[in-house]
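1. kindly generate the corresponding structure for this input.
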Amino acid sequence: MLYNTVLDPDGVLYIALGSSSGSKYYAWDSSNEAFFSAARHQFNVPEFSVVDVTGDSFTITTYRADTMAALDTYTVRKKK
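-> Numbers count the residues shown, from 1 in each chain. Prediction:
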């Protein structure tokens, strides 16, 4: 599982989530580096994400729909 926490990051954060709708999964091209991506994975199973927002942070946690195992968590915190 990946885990990242950042404090007052600069710039724009883009998060592309997996699909829980039964999308068609294509072969993974591991030779194609995604220089713009901090992390990539494809387990060929539906996934879903839960967003938790508090007064000083938000956290996105992604889970496998078949086993409910947490795959990745990302938290953004602001300075107090």
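2. and the helices in this structure?
-> For the chain, helices defined by DSSP state H do not occur.
3. pull the helix or strand with minimum mean pLDDT from it.
-> Of all helical and strand segments in the chain, the minimum by mean pLDDT, DSSP states H and E falls on strand 2-7, at a mean of 76.
4. tell me the contacts of Tyr25?
-> Neighbouring residues of Tyr25 by C-beta atoms under 8 Å, 6 or more residues apart in numbering: Gln42, Asn44. Bear in mind the C-beta positions are built from the backbone N, C-alpha and C, glycine included.
5. ok, it to Phe43 distance?
-> 9 Å (C-beta to C-beta, to the nearest Å).
6. for Leu13, same thing?
-> Taking C-beta to C-beta, one finds Leu13 at 23 Å from Phe43.
7. poorly predicted segments of the protein, please.
-> 1-3, 17-24, 26, 28-30, 35-41 (pLDDT under 70).
8. cutoff 80 now
-> 1-3, 13-44, 80 (pLDDT under 80).
9. what bridges to Ala52?
-> Just so we're on the same page, residue 52 is Asp rather than Ala. Thr59 (DSSP bridges).
10. neighbours of it, how many?
-> Residues lying near Asp52 (other C-beta atoms under 10 Å) number 11.
11. quick one: contacts for it?
-> Phe58, Thr59, Ile60, Thr61.
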